[in-house]
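Trainee: here's my sequence, what's the structure:
(3 chains)
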Amino acid sequence: MSIYDTLNPMQQEAVLQTEGPVLILAGAGSGKTRVLTHRTAYLIEECGVNPYHIMAITFTNKAAGEMRERVDDLVGFGAESVWVSTFHSTCVRILRRYIDRLGYDNRFTIYDSDDQKTLMKDICKRMNIDTKLHRERSFLSAISRAKDELVSPEEFALNVGMDFAKRKQAEVYQEYQKMLFRNNALDFDDLIMKTVELFRADPEVLDNYQERFRYLMVDEYQDTNTAQFQLIKTLAGKYRNLCVVGDDDQSIYKFRGANIYNILNFEEEFPDARVIKLEQNYRSTQNILNAANSVIANNVGRKPKALWTDNDEGDKVDFQQFDTGYDEADYVTAEIGRRVQEGECSYGDCAILYRTNAQSRLFEERFVLSGIPYKVVGGVNFYARREIKDLLCYLKTIDNGRDDLAVRRIINVPKRGIGAATLAKVQQYANDEEMSFYNALKLAADIPGLGRAAAKIKPFVDFIQVMRSKVPYLSLPQLLKDILETTDYLEEFRNETEEEVLARRENIDELISKAASYEEKSRGEGREPSLSGFLEEVALVADIDGLETGSDYVVLMTLHSAKGLEFPQVYLAGLEDGIFPSYMTICSDDPMEIEEERRLCYVGITRAMERLTITSARMRMIRGETQYNKVSRFVREIPAELFGRTSQKKEKEQPALQKRVDEAYRQAQNAFKKKPLMQTGAELYARAAANAGSGASKESGPGYEVGDRVRHLKFGEGTVTNIVSGGKDFEVTVDFDTYGVKKMFAVFAKLKKC
DNA sequence: GAAGGCGGTCTTTTT
DNA sequence: GACCGCCTTC
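Mentor: Residues are numbered from 1 along each chain as shown, chains lettered A, B, ... in the order given. Alright, predicted model coming up:
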């Protein structure tokens, strides 16, 4: 019996069809990753294809990593030569080698959205554009859309016609591109577009890669934009062995330029394409799948398909409507706590999915209060935090003095007494002499009108030069520590509270350990680690990449981030008209927009394996305003018989208790407010676990007994009234002086005896 | 040149 | 509610 016998007939067909163009329409949970990995194995083991000639492209590093792992497991020998990578890292690798043929320096830097915004702000200022009238972000999104469609600044300018706004955009686009070039930087969209440009400009390079990638596979094909489509079409142009896998019902990235016609018109583009449909779902129960099918059936523009499953009927879908978002969060927290307590599932089985990142906050607060370990995916990116960006800009400056943005960011961090007036003069000089900002700094003594400021610049330039000379001899962690010490970086935060500084320090430590593990990983793969390599890796990480499989915490994330994942217990929160579907799509005159929201809902429902809980609130605070919303139309599209114990009423607690609970929440919220850098649950968890020696380990007990007085970070002092040993931890009941009785787990509560 | 206060705007969603 | 940019004050 071979590994291919475990596949169903359609999956087998997809695996065996190795030659020519293939479109696999893979419904949610139909085992598409399995097909892709088995197909790779088949190519190598049965068709004798050299693994070196196989390429699999995904969208996220996480997906690529998983695919890599599964291919490694399946294919004994040579699996490491298969190119498994994301669109963006693939392009970076190609461009690092050949972008000099387009006139760029091969050591280009990659701008994230933060950098883009800074650059755009600069440009608008210089071009005298009133950003109250034309927002930076509107320019950036126009440019991004143009790049998604492979429209160059010149072409854009040709097509503006009489449209004044567009003409302005064209000018800005041109200037923006010029500045990127001068800073030797590429933005995310450039990575794809420049690679296509390179292939068009240089047949020799193209041929080189066409020869290498004789067998191409593309995952999540419905999310590709025009540029990405051109890229793979060009790459597959010679051997035409292109296999794409996707599901038009899960296309949710139109706003990012995804072109649904890439999948809908695949057969027109490749008339000889084999089309294979995978319609058996292995993930969800009947009830969950039925709910998903009945929602998506309301969409008009879709390829007909019928997803079915052999799985049990399973539990009914649980739908609950509450008065407020607080009640909603309460319910979900209590449910998860109860189910875990009763051994029905673990924290790691549960996911809370919502439409907007802001919705995570209420859940986070509740989880912190009840000591449930959790992790938020997305929101404020680790690499977007101030201290991390600063340090990365130091590294960038040391690595590549041509990135003006990076230099300008750190020249006065920590404070060196160099202000806006000085910067403007240096910039003027740099512009006049057509040199980089950093090179102008080096010549500060010659810049007219700088006066005493030149003396303040010199130590900075000297410092960077010294660091550059040290790079070959220092490891990345050593380099970072050197920067921290020499610049006395933490001095920058002297006015912050101890707690804030601690949080920043922890982030910095994390960056240092990430640098260390990068070096380790590179050496493991036989590559010499480098400063540029590290910066590059850091630039391309997505939020979802940080999610480890097999960790025991509840995950909170947006529906968008959840695509491609699955969880036994899924909570879909905030199902209200105005939230999901969002207000903007309800009001839009384009009916396709609501269809995209519906697909998002479909994605959400189909993440669930065993249990699905849908919640909504009548009243919710949004951007400081209270809004009243109806139950989402998507909920109403699910037939009533699929719902179980639906409740539209809230069970009132005793008024006195309720009041006390409210007060506790208010105070807890204030505590949050004071600490903008509040850690994620996982970080709290890690910290708590680190302290567990003094807190709780199963053998030694929690370190306090019933009757002891203890102190809690938020609740202050109280008396321990009960300790129950449960599972890996102790559940402690404490009667707090001001907050009343609370139950909490010892590992998380970090109670100190006093 | 730095720090603190005030008022306006905003968010879907992200590689 | 949170962030950003602008303004005032030291």
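Trainee: the longest strand along chain A and DNA strand B in contact?
Mentor: In chain A, with assignment by DSSP state E, the single longest strand is strand A:608-622. No. Judged by C-beta under 7 Å from any atom of the strand, strand A:608-622 makes no contact with DNA strand B; its nearest approach is 7.8 Å. The way it works is simple: take the backbone N, C-alpha and C, and place the C-beta from them, glycine included.
Trainee: wait, does that strand make contact with DNA strand C?
Mentor: Yes. Strand A:608-622 lies within reach of DNA strand C by C-beta under 7 Å from any atom of the strand, at A:Met621.
Trainee: and that strand, which strands flank it?
Mentor: For strand A:608-622, the paired strands and their directions (DSSP bridges) are strand A:318-324 (parallel), strand A:567-572 (parallel), strand A:625-628 (antiparallel).
Trainee: most tightly packed of those?
Mentor: Of the strands paired with strand A:608-622, the one with the most neighbours on average (mean count of other C-beta atoms under 10 Å) is strand A:567-572, at a mean of 24.
Trainee: measure the residue in chain A that DNA strand B sits nearest to to A:Ile457 for me?
Mentor: Taking C-beta to the nearest atom of the strand as the measure, the point where chain A comes nearest DNA strand B is A:Gly419, at 2.8 Å. Using C-beta to C-beta, to the nearest Å, A:Gly419 is found at 12 Å from A:Ile457.
Trainee: between those two, which one's more packed in?
Mentor: A count of neighbours by other C-beta atoms under 10 Å puts A:Ile457 above the other of A:Gly419 and A:Ile457, at 24 against 12.
Trainee: how far away is that one from A:Gly451?
Mentor: Using C-beta to C-beta, A:Ile457 is found at 11 Å from A:Gly451.
Trainee: and what of A:Ala41?
Mentor: Using C-beta to C-beta, we find A:Ala41 at a distance of 70 Å from A:Gly451.
Trainee: how about A:Ala430?
Mentor: Distance, A:Ala430 to A:Gly451, using C-beta to C-beta: 18 Å.
Trainee: and the residue of the stretch 101-250 of chain A closest to DNA strand C?
Mentor: Using C-beta to the nearest atom of the strand, A:Lys121 is the residue of the stretch 101-250 of chain A that sits closest to DNA strand C, at 5.5 Å.
Trainee: need the three-state assignment for that residue.
Mentor: Following DSSP: H, G, I helix; E, B strand; the rest coil, we place A:Lys121 in the helix state.
Trainee: so where's the stretch 301-450 of chain A shaky on pLDDT?
Mentor: The model of the stretch 301-450 of chain A has pLDDT under 70 over residues A:379-380.
Trainee: just the buried positions in the host helix or strand of A:Arg97, please.
Mentor: Secondary structure from DSSP states H and E places A:Arg97 in helix A:87-98. Neighbour counts over helix A:87-98 (16 or more other C-beta atoms under 10 Å) mark A:87-92, A:94-95, A:98 as buried.
Trainee: so does the helix or strand following that helix get close to DNA strand B?
Mentor: Next helix or strand after helix A:87-98 toward the C-terminus (DSSP H and E): strand A:109-111. No. Using C-beta under 7 Å from any atom of the strand, we find that strand A:109-111 stays clear of DNA strand B, coming within 10.1 Å at best.
Trainee: strand A:109-111 packs against which elements?
Mentor: strand A:185-187, helix A:188-201, helix A:531-539 (3 or more C-beta pairs under 8 Å, 6 or more residues apart in numbering; DSSP states H and E).
Trainee: so which of those comes closest to A:Arg126?
Mentor: Counting by C-beta to C-beta, A:Arg126 lies closest to strand A:185-187 out of the helices and strands packed on strand A:109-111; the figure is 17.1 Å.
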